[in-house]
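K.L.:
Next come a sequence and a model predicted from it.
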Amino acid sequence: MPSPADPADAPEALRARAQAAVVRAWEAAVEAGRLPALEAGAAAPVVEIERPANAAFGDYATNLAMKLARPLRRPPMEIAEALAEQLRSGAGDGLLASVEVARPGFLNLRVTDAAYEDLVAGVLGAPGAWGRIAAVNPRRVNVEFVSANPTGPLTVGNARGAFVGDLLCRVLEAGGQEGVREYYFNDSGTQIDHLGASVAALRRGEPVPEDGYKGAYVEDLARDLPDDVWATATAPGADASAVVGAWASHRVRGMIEASLLRLGVHFDVWKSEASLHDEGWVGRAVDRLKAANQVYEQDGATWFRSTAFGDDKDRVIYRSDGRPTYFAADIGYVTEKFSRGFDHLIYIWGVDHHGTVARNKNAAQAMGYDPDHYQVLLIGWVRFVADGVEVSMSKRAGTFVTLDDLLDAVGTDAARWFFASRAAHVEIDFDIELAKKQSAENPVYYVQYAHARIASILRKAEEAGLAPAGGVDGLLAGEPEAALVRVLSRLPEVVEDAVLAEETQGITAYATELATQFHAFYRDARVVDPEQPERSARRLALATATRITLANALGLLGITAPESM
C-alpha cells in the first residue's frame, strides 16, 4: 500500500497532463496524415509547457509548432493548427476547455473547471502527498556542505552553506533522489595548531600570538581546558599547540554541530581530513593517477598532470619533504566518496574556492570518473547588516556574527526563508531589522500569517456549525475562487522546477504569491456564511486546500506553518 506521502497518491500535476495531451496530439496528427513524421534518425524536440505571462491567454502554452517547423519543413502556424485540431477532437482527454492558435505558432491552452475541481478534491484526499512528484533524474547524491574548519563558531558567512546544502537536499529528495548530507573538516594542520597555540597562550596568561585566534570563545576554551590535557601538552617533548589544538577543535566541532541542529540541519556523515590519509584513500587516488600515467616526480615533489586537462599548471600532490597538500586529500576524498556507491557528488563551497574546482574535476576525470558527476556549487558572500552598517566578520580577530547570534535575533524560520529566497551564487546583504519584523514587510511572516489566518477561519467556521466540503464543484465560476485555484494548482510544477534548477527561490516566490492570492480571495469572498451553508462549505474546502499547499511549501523549506500568530 502506498504511504500517505507517496507521490502516487497525489493528483496528477496539470502541467504534466497538458504535456501528455500535446504529445498525444502530435502523434495523432502524424497518424492522421495531417503532419509528416520526423525523418529517420532525427531527434524529437522536447515538448515544453509554460504558463503565459498574461493569464488572459490561457493556463498553459506550448511552442512545439515552432520547434517542429524546421524538421518538418512546414510553417509553424500550419503545424499549430494541426495540433489544435487533434487537441479539440479528443487528444485533450477532457483536460482542456479551449485551444487557441496564436502567432507565430503558439498554442494557448485553457483548463476546464472540472479538472481544477478534481485536483482540489485530490489535495483534500491526500494532503501529505500534495506537491510530491514522480522521481526526477533519480540518483544517489552525496552533498558535502558547510565544511568549516573547527577553529571557531560558525559565522553567518560559513553558515550560508548550511542553508544552501540542507535546502538543496530537501529539494532533491522531493524529486525522488537520495541525498546524503556530509560535513568534511580539517582536524589537523596549521590552522588547528594556531588554535591550539592561542588557547595555550591564554592558559599561560600570555597574549595570543599574532597569527592566532581571538575572541570570547578562545577565552572560554582556555578556561575549560581539562587539566589532564594541559598536563599532556606541557610534558617534556610534547607539541603543546598540536595537543591543545586537537582538544580545542573537537570541542569546537561539538559547538558547530549543536548550532546546526538548532537550525534543523543534521548530517549523515562527519568526515575528517586525517581519516583520508589514515585509511589509505589518498594513496589509492595517487595509484589511480599513476595507472593513468598522470603523475610524475620533479624536484623531489609528486605532481598531477592537470595541464593535460586544460589547467594552467600542474598540481603538487606531495611536497618535496613528503608532506601531502590539501589537493592530495581532495583527490583521496573523491575516490572515497565514489567507493560508497554514489552516482553524483555535489560540493558546496565559498566563492573563494573557485580556483580549486578545475584541478579537482580534472583529477576525477584522470582517475576514470565521469567529470559531469563531480559538481561544485559556489555560494556568494553574505554581508550582515545591522542599522544600515555592515558588521565585519573575522574568526581570528574575534569580530564576527555567529549562526547562533543570527538565530537568537531572527529565529530559524526567518533565517531559512531569507537564504531560501536567494540564488545560492548571489552575494547578499542580510538585513537583520527586516528579518525581525512581524509585518507584511517580512515575507516569511506574511506567508505564515496566511496559513494561520486560514486555520483561524476554519476554527471560526466550526464554531458556526460549518465544515469544509469534500470539494469545490460548481464554485469556480467566481473570479476570486478561480484565481486562487489556478495558483494553488501550481505547487507540483514549482517543486519540479526547483529540482531541475537545484534552487529554492522559486518556492519562496510561489508561497508569497499564493498567500497574496488567498488574502485577495478572502477580501472578495465571504467564506464563513451561515446563510449560504453549501457555498460556504465549498469555499472552506478551497481555503483548506490552500492551507495544505502553504504548509507543504513551507515544510519543503524546513519552515513551520503556525496555526495561530
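P.N.:
Received it, and whenever you're ready, just let me know what you need. Numbering: from 1, shown residues only.
K.L.:
quick one: residue 161 and residue 348 touch, right?
P.N.:
Yes - between residue 161 and residue 348 a contact is recorded at 5.0 Å, counting by C-beta atoms under 8 Å. Where C-beta positions appear, they are placed from N, C-alpha and C, glycine not excepted.
K.L.:
Report the beta-bridge partners for residue 430.
P.N.:
Beta-bridge partners of residue 430, counted by DSSP bridges, are residue 384.
K.L.:
Let me see the mean pLDDT of stretch 255-275.
P.N.:
Model confidence over stretch 255-275 averages 93 on the pLDDT scale.
K.L.:
Pull out the buried residues from it.
P.N.:
By neighbour count with 16 or more other C-beta atoms under 10 Å, stretch 255-275 contains the buried residues 255-257, 259-260, 263, 265, 267, 271-275.
K.L.:
which residues are common contacts for residue 161 and residue 348?
P.N.:
Residues within reach of residue 161 and of residue 348 at once, by C-beta atoms under 8 Å, 6 or more residues apart in numbering, are 145-147, 379.
K.L.:
JSON lines please, covering the residues you listed and showing neighbour count and pLDDT.
P.N.:
Listed next are the shared contacts of residue 161 and residue 348 as JSON lines, based on neighbours: other C-beta atoms under 10 Å; pLDDT from 0 to 100:
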{"residue": "145", "neighbour count": "27", "pLDDT": "95"}
{"residue": "146", "neighbour count": "25", "pLDDT": "91"}
{"residue": "147", "neighbour count": "20", "pLDDT": "86"}
{"residue": "379", "neighbour count": "25", "pLDDT": "92"}
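K.L.:
Need the residues you listed in a markdown table (columns: distance to residue 438 and secondary structure).
P.N.:
A markdown table is the format used below for the shared contacts of residue 161 and residue 348 (distance: C-beta to C-beta, whole Å; DSSP: H, G, I helix; E, B strand; the rest coil):
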| residue | distance to residue 438 | secondary structure |
| --- | --- | --- |
| 145 | 30 | coil |
| 146 | 29 | coil |
| 147 | 34 | coil |
| 379 | 29 | strand |
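K.L.:
Make CSV from the residues you listed and add distance to residue 118 to it.
P.N.:
Listed next are the shared contacts of residue 161 and residue 348 as CSV, based on distance: C-beta to C-beta, whole Å:
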residue, distance to residue 118
145, 40
146, 44
147, 47
379, 41
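K.L.:
what two of the residues you listed are the furthest from one another?
P.N.:
147 and 379 (11.7 Å; C-beta to C-beta).
K.L.:
which residues do the two both contact?
P.N.:
Taking C-beta under 8 Å, 6+ apart as the contact rule, residue 147 and residue 379 both touch 161, 348-349.
K.L.:
out of those, which one sits closest to residue 67?
P.N.:
Distances from residue 67 to those, taken by C-beta to C-beta, are shortest for residue 348, at 35.2 Å.
K.L.:
so what's the nearest residue to the closest one once chain neighbours are set aside up against?
P.N.:
Leaving aside its chain neighbours, residue 348 sits nearest to residue 145 (3.9 Å; criterion: C-beta to C-beta, 6 or more residues apart in numbering). Shown in contact with residue 145 (C-beta under 8 Å, 6+ apart): 161-162, 164-166, 168, 181-183, 347-348.
K.L.:
In terms of helices and strands, where is residue 544?
P.N.:
helix 533-556 (DSSP states H and E).
K.L.:
so what secondary structure elements neighbour that helix?
P.N.:
Under the contact definition 3 or more C-beta pairs under 8 Å, 6 or more residues apart in numbering; DSSP states H and E, helix 533-556 sits against helix 113-125, helix 156-174, helix 443-463, helix 479-488, helix 491-501, helix 505-524.
K.L.:
Residue 338: helix or strand, and which one exactly?
P.N.:
Assigned by DSSP H and E, residue 338 belongs to helix 326-339.
K.L.:
Quick check: which helices or strands does that helix pack against?
P.N.:
Contacts defined by 3+ C-beta pairs under 8 Å, 6+ apart place helix 326-339 against helix 273-278, helix 281-291, strand 315-318, strand 344-350, helix 354-366.
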